[in-house]
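S.K.: need coordinates for the following:
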Amino acid sequence: MNAMIDLNADLGEGFGVWRLGDDLALLDVVTSANVACGFHAGDPLIIRRTCAAAVDRGVAVGAQVSYRDLAGFGRREMQVDPEELCAEVLYQVSAVDGIARAMGGMVSYVKPHGALYNRACWDVEQAEAVAAAVADYVPSAGRPLPVLTLPGSVLHEVAARYGVPTVSEAFADRAYTPSGTLVPRSEPGAVLHDPDEVAARAVRMARKGTVTAVDGTEVRIDARSVCVHGDTPGAVALAEAVRKALTGAGVTIEAFA
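M.R.: Modelled structure (predicted):
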């Protein structure tokens, strides 16, 4: 279906002396880097190093905004006042874009992380907080940044009302429900680890726009970007397998932003 696909990964997710994943190796594979903004992971030094490495490799930089939840890695459900959430998303985008520009690049898109990502797929109020923040932050190009979200997410409709473009993405290393949402990480089999399986799913997503849900049904997931999580064990091998399989299937790997 798609002759062109973006390959993104969550990066910069360490904190202080603690490191998670192999960012430099992943940056040699992906075309877009979702850089943690300091709310679920990351700190100024890690953000600076991640942005610099991405710019050096010509990888698009995205701001991966999150609930303020370092202890829970941004994966805990939180109830945040919409005005406060809007301000916190704006803060995160501004911070990473400022650092990225100092490194010779810029933030090209926004992607919610973890619990905020999932919540913004169905909660109109939280989706509006994200969309309003992105709409408020207009970079030098003069138009709002695109936001990554699931196909069918309410964020698509909400963002359109704010004049914010959206880009659909799929997850090669995550299990799907029959409704097209991600299986919660608390459930067995929610995260996939076999490189061959993950690569085959990525090709099917790009070429056919479908994925097999946990009940065996085929789900439509038309997407312009495919994500491989940087914190998954063996993430580099997974990403390399995905890229090799996509290229072998005649799919061009290219950033959407």
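S.K.: middle-most residue in the chain, spatially?
M.R.: Taking CA atoms, centre = their mean, the centroid of the chain lies closest to K111, which sits 4.8 Å from it.
S.K.: and it, that's in a helix?
M.R.: No - the assignment for K111, made by DSSP: H, G, I helix; E, B strand; the rest coil, is strand rather than a helix.
S.K.: that one and N34 touch, don't they?
M.R.: Yes - using CB atoms under 8 Å, K111 makes contact with N34 at a distance of 4.9 Å. For glycine as for every other residue, the C-beta is placed from the backbone atoms N, C-alpha and C.
S.K.: please enumerate the shared neighbours of the two.
M.R.: Taking CB atoms under 8 Å, 6 or more residues apart in numbering as the contact rule, the neighbours common to K111 and N34 are N8, G62, A63, Q64, L148.
S.K.: using the three-state scheme, assign the third one.
M.R.: Spelled out, that is A63. Going by three-state DSSP: A63 is strand.
S.K.: tell me who's in contact with it.
M.R.: Contacts for A63 were tallied using CB under 8 Å, 6+ apart; they are N34, V35, C37, Q92, V93, V96, D97, V107, Y109, V110, K111, L145.
S.K.: and the gap between the nearest residue to the residue nearest to the centre of the chain once chain neighbours are set aside and A190?
M.R.: Nearest non-adjacent residue to K111, counting by CB to CB, 6 or more residues apart in numbering: L148, 4.0 Å away. For L148, the distance to A190 equals 20 Å [CB to CB, to the nearest Å].
S.K.: got it, and G38?
M.R.: From G38 to A190 the distance is 26 Å (CB to CB).
S.K.: those two: which is more packed in?
M.R.: Per other CB atoms under 10 Å, whichever of G38 and A190 has more neighbours is G38, with 21 against 15.
S.K.: double-check that the more buried one belongs to a helix.
M.R.: No - according to three-state DSSP, G38 belongs to no helix; its state is coil.
S.K.: in the stretch 51-200 of the chain, which spans are helices?
M.R.: 82-102, 114-120, 124-136, 154-161, 195-208 (DSSP state H, counting those that start in this stretch).
S.K.: out of these, which one sits most buried?
M.R.: helix 114-120 (a mean of 24; mean count of other CB atoms under 10 Å).
S.K.: what is that one packed up against?
M.R.: Using 3 or more CB pairs under 8 Å, 6 or more residues apart in numbering; DSSP states H and E, the elements in contact with helix 114-120 are helix 124-136.
S.K.: can I get the CA coordinates of the helix it packs on in CSV?
M.R.: Provided in CSV are the C-alpha atoms of helix 124-136 (Å, rounded to 0.1, in the frame of the first residue of the first chain):
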residue,chain,number,x,y,z
VAL,A,124,-11.5,14.5,23.9
GLU,A,125,-10.5,16.8,26.8
GLN,A,126,-7.0,15.5,27.1
ALA,A,127,-6.6,15.4,23.3
GLU,A,128,-7.7,19.0,23.2
ALA,A,129,-5.0,20.0,25.7
VAL,A,130,-2.4,18.4,23.5
ALA,A,131,-3.7,19.9,20.3
ALA,A,132,-4.0,23.4,21.9
ALA,A,133,-0.4,23.3,23.1
VAL,A,134,0.9,22.3,19.7
ALA,A,135,-1.3,25.0,18.1
ASP,A,136,0.1,27.6,20.5
